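Chemist: Predicted model follows, preceded by the sequence.
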Amino acid sequence: MTGPILQITDLKVEFPGLVRNVRALRGVDLVLHKGQIVGLVGESGSGKSLTALACLGLVPNSGRVSGSIMLDGFEVVGRGELELGRLRGGVAAMIFQNPMRALNPFFTVGQQMVEVIRCHRPFGRTEAVEAASEGLRDVQMPDPEIALGKYPHQMSGGQIQRVMIALGLACRPRLLIADECTTALDVTVQAQILVLLRELTVSHDLSVLFITHDLSVVATVCDRVAVMYAGEVVENGSVTDVFADPLHPYTRKLMSTVPTLGRAGGELESIRGQVPDLALPLTGCTFCDRCDDALDVCAATPPGMRRYRADHQAACHDTARRMDVE
Amino acid sequence: MTETPLLAVEGLVKEFSTKNGVVKAVDDVTFQVNKGETVAVVGESGCGKSTLAMTVLGLETATAGEIVVEGDRLGDVSRVVADRLGRDVGIVFQNPLSALNPKMKVAAIVGEPLKTALGLRGKDLHERVALLLEEVGLRPEHMRRYPHEFSGGQCQRICIARALALKPKLLILDEPTAALDVSVQAQILKLLNELQRELGVSYLFITHDLGTVDYIADRVLVMYLGKIVENGPVAQVFSAPAHPYTRALLDSVPTLDPAQRGALKIISGEVPSPVNRPPGCAFAPRCPRAEGRCRQEVPLSTARDGIREVACFHPLIGETPDQRSVHESENNLVRITGDGR
């Protein structure tokens, strides 16, 4: 556990608009240590995927990025395409949400894997094919040699997601960014992929940034979790701390809205109101309109991130007040 | 239980012929939905949940079997009855944005069934649409807007309003919350519960999310490769699943408690291809309890009111000797009677 593999400091992304600019990320801080799986949760539009794209320098051209992203000691922000190209796949790889759309339907799985491997490693064709089938074996694909000759449409959702993971890991990256990689899958297959990811962090010395909106998946697979709301991280900490005692009201609300097994008959809570428009200037806490515990100060001053436990931080005025009283 | 069920499905079979052979998407399915009841259908993708829904709706013609809505058979009935059946069953699809015509305003979308089926026009139509929108938690002024001006949750509310326009007795909900955020999902599930209390409508709720089933449904049907493998009240099925597949499904659901992460169990393998269905029990190749008999004979299951059914030779409950003899004497049907019976 030496040094973080990924350190994001005050990351801001702004998209120019006709009337106002949309401030999609408004100062994200995130640290990912080696060998850890960190979950990034939040609703759609909270900036989870954009954070992931920024880590690989994939923010759309119109977006203005500022802040710092240190990826394995390498500053990503402001680099040119050539340097980023070596980074993508080699140091950090990404798995996208819809595996069917991420692969080219005109080429076999083998052709696509070999192409990626030969981009990053000094392999000939035969060696690359061998590496590809080894990669598929690592993700427990039955009959890897047969799978290499198949087209994406000939595979099931679970198999194709395994291909995506194998493809992501083909060039031995240090960091894997998994963007909702189990959302499209059935629970049984999801469980298989989650267990596989946990095994791979050990066997491949891999760190994973796991983006999802499913809190129960985070509880199952992650070591640490960061909760995003309206382009900011509002709470982060170890999974045990955050789930045992969530400090931000948004995290608490999110947890009570999940229909879980064994809670039959109990009423579900829902969060009133809408996510704020990120094009409008925001004063104070972004969540205060929807918060049941909002104080007067919440609408005026944005709450800063505060450390409450060794590895547990949250940005909330109410929590700060309560903890100070204690 | 003397009252006729709202929906009775008997021995329903739906086959599709493909160039690789005949696919039995729904294979001898029998179940009932009573008035005001929510029945959930769960299973992995490809198990036939959606085909079942489409067949019940009449969008697909059944290969064999009967679908009876309030005593009237679907299919070979006169046009008048068919029209009435069409009104009795409504549907809400998975992706609200693709289910709404982007070129139509909300007033036209929700009003269309009222216009074509009931012939409502002008002020009557307007008032009825406004009322429907209020019912699903939208405001009358939303009528003048287009679908793209709404969020995913609001679009799903519009779909629900449209489905409710003809006062159906049965609403088929095909993964209505799968495309939504958890906080929005909670709002929609609450809305559905409220609507059911007010209108007494029955739901056939198709989903792969077991947590949602626990929240919303009274009974659950577990499907595997076109067959119902377990059927019973949600509380009983989830607290003591009898079919190994149900157990496996429940075990693969992640929980909110990080301390329980070790409890996540995985079943090996994948759902077999429906073209190449294994002989015997379809779950046998992945089942930890499978024996020789499971690989040769298909375990049967029969529907009876108020009783749980399992299609399995070696169910997880009923292991005691006396119950074993029951299941052998009753032609593979294991009935596990509910609490207090």
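Modeler: Thanks, I have it.
Chemist: neighbours of residue B:6, just the number please.
Modeler: Neighbourhood size, residue B:6 [other CB atoms under 10 Å in any protein chain shown]: 22. C-beta: built from backbone N, CA, C; applies to glycine.
Chemist: doesn't residue B:169 make contact with it?
Modeler: Yes: using CB atoms under 8 Å, residue B:6 is in contact with residue B:169, at 5.7 Å.
Chemist: Which strand residues bridge the residue nearest to residue A:55 when sequence neighbours are not counted?
Modeler: In space, residue A:55 comes closest to residue A:69 once its chain neighbours are excluded; the distance is 5.7 Å by CB to CB, 6 or more residues apart in numbering or on different chains. Residue A:69 has these beta-bridge partners by DSSP bridges: residue A:8.
Chemist: Which residues are in contact with residue A:69?
Modeler: Taking CB atoms under 8 Å, 6 or more residues apart in numbering or on different chains, we find residue A:69 in contact with A:6, A:7, A:8, A:9, A:11, A:54, A:55, A:75, A:76, A:77.
Chemist: per-residue pLDDT, it?
Modeler: pLDDT recorded at residue A:69 is 94.
Chemist: Ok, residue B:118 next?
Modeler: 86.
Chemist: distance of it from chain A?
Modeler: Distance, residue B:118 to chain A, using CB to the nearest CB, to the nearest Å: 33 Å.
Chemist: Pull the number of nearby residues for that residue.
Modeler: Neighbour tally, residue B:118, other CB under 10 Å: 15.
Chemist: where does it sit relative to residue B:168, distance-wise?
Modeler: 13 Å (CB to CB, to the nearest Å).
Chemist: Around chain A, pick out the residues from the stretch 1-150 of chain B.
Modeler: Residues of the stretch 1-150 of chain B found near chain A (CB under 8 Å from any CB of the partner chain) are B:44, B:45.
Chemist: Which neighbours do residue B:6 and residue B:169 have in common?
Modeler: In contact with both residue B:6 and residue B:169: B:35, B:69, B:70, B:202, using CB under 8 Å, 6+ apart.
Chemist: Are the longest helix belonging to chain A and chain B in contact anywhere?
Modeler: Looking across chain A with DSSP state H, the single longest helix is helix A:187-203. Yes: applying CB under 8 Å from any CB, one finds helix A:187-203 touching chain B at A:187, A:188, A:189, A:190, A:191, A:192, A:194, A:195.
Chemist: Provide a list of residue ranges in the chain with pLDDT below threshold.
Modeler: Since no chain was named, I'll use chain A. Applying pLDDT under 70 to chain A flags residues A:1-2, A:262-266, A:326.
Chemist: my bad, chain B
Modeler: Looking at chain B by pLDDT under 70, you get B:1-3, B:74-82, B:302-306, B:317-341.
Chemist: Where do the helices of it begin and end?
Modeler: B:49-57, B:79-88, B:96-99, B:106-118, B:122-135, B:152-164, B:182-199, B:210-216, B:234-239, B:244-251, B:321-329.
Chemist: between those helices, which gets nearest to residue A:94?
Modeler: Nearest to residue A:94 among the helices of chain B is helix B:182-199 (23.5 Å), distances taken as CB to CB.
Chemist: Now do that closest one against helix B:152-164, angle only.
Modeler: Inter-element angle recorded for helix B:182-199 and helix B:152-164: 20 degrees (by axes from the mean of the first three to the mean of the last three CA atoms, to 10 degrees).
Chemist: Count residues in the vicinity of the nearest residue to residue B:101 once chain neighbours are set aside, would you?
Modeler: Take residue B:101 and drop its neighbours on the chain: the residue closest to it by CB to CB, 6+ apart is residue B:109, 6.5 Å away. When neighbours are counted by other CB under 10 Å, residue B:109 registers 21.
Chemist: Help me confirm that residue B:109 comes into contact with residue B:100.
Modeler: Yes: if you go by CB under 8 Å, residue B:109 and residue B:100 touch, sitting 5.9 Å apart.
Chemist: that older thread, which two in the residues of helix A:187-203 next to chain B are spaced the farthest apart?
Modeler: Once CB to CB is applied, the residues of helix A:187-203 next to chain B give A:187 and A:195 as the farthest pair, at 12.6 Å.
Chemist: Need the residues touching each of those two.
Modeler: Joint contacts of residue A:187 and residue A:195 (CB under 8 Å, 6+ apart) do not exist.
Chemist: Neighbour count for those two, which is higher?
Modeler: The neighbour comparison of residue A:187 against residue A:195 (other CB under 10 Å) goes to residue A:187, with 21 against 18.
Chemist: Which parts of chain A are helices?
Modeler: Using DSSP H, the helices assigned to chain A run over residues A:48-55, A:81-87, A:99-102, A:109-120, A:125-138, A:144-148, A:157-169, A:187-203, A:215-221, A:239-244, A:249-256, A:296-300, A:317-325.
Chemist: Check which residues of the shortest one are buried.
Modeler: Going by neighbour count (16 or more other CB atoms under 10 Å in any protein chain shown), the buried part of helix A:99-102 is A:99, A:102.
Chemist: outside of it, which residues touch it?
Modeler: A:95, A:96, A:152, A:153, A:157, A:160, A:161, A:163, A:164, A:181, A:184.
Chemist: which residues sit in contact with residue 113?
Modeler: Let's take chain A. A:128, A:132, A:135, A:136, A:148, A:163, A:166, A:167, A:170 are the contacts of residue A:113 under CB under 8 Å, 6+ apart.
Chemist: not what I meant, chain B
Modeler: Counted by CB under 8 Å, 6+ apart, residue B:113 has contacts B:162, B:165, B:166.
Chemist: Cool, thanks, talk later.
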